[in-house]
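Asks: sequence unknown, structure follows:
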């Protein structure tokens, strides 16, 4: 099985378009009252994101042999959570970013108060959408409850929110490899892990396949973060949509700054290899996930 | 049945102590890593609140004849949601309050970034705790999912968050009675409504008793808000914990400012009467809820 970047980017684009169609359906319309918050929510969500997280949910449902359309609400909910986290991370009190993917950040357009509330509303909407899933025909409410519970844990104070706390706390400080890995396993890793487990947990799959997906997720998350850090140094501003060197400017410790660029690239490569290897328990149905891991080494944004 | 304020305040204090014991159990400990966020979460939650919302959940379970201990996770989750909303409302970008119940607000103690994240974490924790409820013996996961869904809707962009958006948007503007009522039915009413419905929905009660509790909730919420506005004018700072006249200072339209104090008091009284009347379908098991509505006319904080 050869890996062709251009072909794969086409596949990714198709899946992204598919997911976005449903995301819109799960949100209150832009003109719902009060309008400003709904416009801000749509602005924050439809911002050119890659939709990796919902795609991971759907792929995980697919590799365990389930009808992925039934995982759509959970998939879209994960992207709402991701969007909320970006809106809050960009706030003046946090990373104070003016641009996100080349466009003004939510608080730049709608003001700080509305941006905080937009994040709050997206997080809340995610849980509404997820639990609505329990009412779909053929779904087991107890599995849905389990997915909601696990996701909430993954993105709360012990997970994603905790990671952001560490990120702010460690700015400009000496950080060792273990601490940096802990930070990112919380800040970005926990949500990836929740996504890949959700697609399986939703259907009660709790065996070696769940473990395989979890191991994939952990390696995928690490490789994603390292390649993200690398892009911040070597990326093309026109494609990434953010200025080169922004981590350094913010005195954030990154994998390249801690390990050196060569070692960071080696670690990204070995994590991708381990992610691919984790999927050995699956057949061709996991080819997309395998390619997605390989793709991280070629990503440009 | 006579109503005695002092006796009733004793009952309320007992219920508050009961709820708080469990709230602590449902939270990660203060020294969990990263510590700052967990300390901030405890600070925000254990701040002398009245715990009305969890008490309403437990009472609602009790009046429909169910074991209220099984509603405890949902009850505590509602207070986490309430606490999150206070932390975010107090932020500099929102109401910019330095004191809450006489103590420095969360962002004053832990900084703005941590306060935003504390709110995020409490909201997330609420959904984790609620869904954990689905694993308790004798609970129906589909009812739990329904409660989570309804609660999320009540506190999202079409409910509580939408109410806060309106509150900020209408500051210093001419507002009519209908708009003010809409604002508060979202900002404070929706969560009260969710609490009173949750205790019944959790056990699948979906008949005239649910309607009765809903009607009680809507009138209770209105009376609560009006008496809150009145306290802001006539209250004792030492008891309310916030400076008299803070609404006026912030150019917030209130029931007394819109209707005049006399009319506002009349409306509070008639709402309380209607709340009490809504419970006619219940017997003595609803006496506490009846008294709680009556108590609003005597509240001092």
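Replies: Happy to help now that I have it. Computed from a prediction, not measured in an experiment: that's the story for all the values here.

Asks: In contact with residue A:278, which residues are there?
Replies: Taking C-beta atoms under 8 Å, 6 or more residues apart in numbering or on different chains as the criterion, residue A:278 is in contact with A:212, A:213, A:215, A:216, A:219. C-betas here are computed from N, CA, C, even on glycine.

Asks: and the first one, what pLDDT?
Replies: On the pLDDT scale, residue A:212 is placed at 98.

Asks: which residues in the stretch 151-300 of chain A form helices?
Replies: Assigned by DSSP state H, counting those that start in this stretch, the helices in the stretch 151-300 of chain A fall at A:160-170, A:177-184, A:190-201, A:208-234, A:237-240, A:246-249, A:255-259, A:261-278, A:287-295.

Asks: what's the helix or strand hosting residue A:36 packed up against?
Replies: With secondary structure defined by DSSP states H and E, residue A:36 is part of helix A:35-45. For helix A:35-45, the packing partners by 3 or more C-beta pairs under 8 Å, 6 or more residues apart in numbering or on different chains; DSSP states H and E come out as helix A:72-90, helix A:106-110, helix A:112-132, helix B:160-170.

Asks: what about those helices, which gets the closest to residue A:293?
Replies: Relative to residue A:293, the nearest member of these by C-beta to C-beta is helix A:72-90, separated by 18.2 Å.

Asks: before we move on, the earlier item: can you put the contacts of residue A:278 in TSV and add distance to residue A:268 and neighbour count?
Replies: Converted to TSV, the contacts of residue A:278 look like this (distance: C-beta to C-beta, whole Å; neighbours: other C-beta atoms under 10 Å in any protein chain shown):
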residue	distance to residue A:268	neighbour count
A:212	21	21
A:213	20	31
A:215	17	18
A:216	15	29
A:219	10	23
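
Asks: Can you tell me the element the spatially most central residue of chain A falls in?
Replies: For chain A, the residue whose C-alpha lies nearest the mean C-alpha position (C-alpha atoms, centre = their mean) is residue A:53; its distance is 4.4 Å. Taking DSSP H and E as the definition, residue A:53 sits inside helix A:52-63.

Asks: now that helix: mean pLDDT?
Replies: Helix A:52-63 comes out at a mean pLDDT of 97.

Asks: other SSEs contacting it?
Replies: Using 3+ C-beta pairs under 8 Å, 6+ apart as the test, helix A:52-63 ends up in contact with helix A:5-25, helix A:72-90, helix A:190-201, helix A:208-234, helix A:287-295.

Asks: I'd like to know which of the helices of the stretch 151-300 of chain A lies nearest to residue B:172.
Replies: Closest approach to residue B:172 among these is made by helix A:160-170 (33.3 Å; C-beta to C-beta).

Asks: Quick one: distance of that closest one to the chain centre.
Replies: A distance of 16 Å separates the centroid of the chain from that of helix A:160-170, by C-alpha atoms, centre = their mean, to the nearest Å.

Asks: what's next to it, contact-wise?
Replies: Counting by C-beta under 8 Å, 6+ apart, the neighbours of helix A:160-170 from elsewhere in the structure are A:81, A:85, A:88-89, A:94, A:154-157, A:179, A:182-188, A:190-191, A:252-253, B:33-34, B:36-37, B:113-114, B:117, B:120-121, B:124.

Asks: do the same with stretch A:235-248
Replies: A:48, A:97, A:99-103, A:229, A:231-234, A:249, A:254, A:257, A:300-301.
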